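K.L.:
Give me coordinates for this.
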Amino acid sequence: MRKLLPIIAAAAAALTLTSLSPASAHKSPSKPHVFTVATKTIEEARLDLGNPGPTLGDTNVITEDVYVGGKKVGTSDVTCTLVRLEPASHFFAVECLNTTVLPGGQISAQGVVTSDEIEKVPFKQAITGGTGAYKGVRGELTVDEAGDGPAHLTFDLVR
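P.N.:
Reported below is the predicted structural model:
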């Protein structure tokens, strides 16, 4: 179970290009706008709070670089905190907060990811807002970490 926490944390943060070019990364979406980025983990820290082993409040912090078409265009930082733990069934849930910084502004997302969802990649989280070119956005973030390659974050933004 402890080994799955970093997977969730990385998943909540990470991402390849579907419809965003580096030049359009900073444009303000005025209608539904979908784009995908790839991430590379730079550093990760695990905070084991309370008793040794998985306990409520244990946290993973991950910092990543964000790429579009192989070019670094920003950063993504994720914090996932263990919020539910059912040892008998091996079920757990973490709440993840993600801020992705792109040219023109930031996009924030959050949501709970369960051990059941880890098996059903990709999973979705709520876009909770943004700054700059992304001010007033909402929508969904789809996180896909399938395979050995980079993780992919797909932002589906609306105003």
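
K.L.:
Do a quick rundown of the strands in this structure.
P.N.:
Using DSSP state E, the strands of the chain run over 33-47, 59-68, 71-86, 91-102, 105-114, 123-130, 138-144, 151-158.

K.L.:
Surely Thr79 and Thr63 touch.
P.N.:
No. Contact criterion CB atoms under 8 Å: Thr79 and Thr63 do not qualify, at 10.1 Å. (Glycine included, C-beta is placed from N, CA and C.)

K.L.:
which residues are in contact with both of these two?
P.N.:
Listed as contacting both Thr79 and Thr63 by CB atoms under 8 Å, 6 or more residues apart in numbering is no residue at all.

K.L.:
The two: who's more crowded?
P.N.:
The residue with more neighbours, out of Thr79 and Thr63, is Thr79; 20 against 15, by other CB atoms under 10 Å.

K.L.:
what's the spacing between the more buried one and His33?
P.N.:
Applying CB to CB, to the nearest Å, the value for Thr79 to His33 is 26 Å.

K.L.:
okay, and the helix or strand of this structure with the least pLDDT?
P.N.:
helix 4-13 (a mean of 37; mean pLDDT, DSSP states H and E).

K.L.:
so where's the chain shaky on pLDDT?
P.N.:
1-30, 119-120, 146-148 (pLDDT under 70).

K.L.:
now do 50
P.N.:
1-25, 29 (pLDDT under 50).

K.L.:
Could you name the residue of it that is farthest from its center?
P.N.:
Ala88 (28.1 Å; CA atoms, centre = their mean).

K.L.:
what about that residue, distance to Arg138?
P.N.:
On the measure of CB to CB, Ala88 and Arg138 end up 37 Å apart.

K.L.:
Just put the strands of the chain in CSV and tack on distance to Gly53.
P.N.:
Shown next, in CSV, are the strands of the chain (distance: least, CB to CB, whole Å):
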stretch, distance to Gly53
strand 33-47, 12
strand 59-68, 14
strand 71-86, 10
strand 91-102, 12
strand 105-114, 19
strand 123-130, 25
strand 138-144, 26
strand 151-158, 26
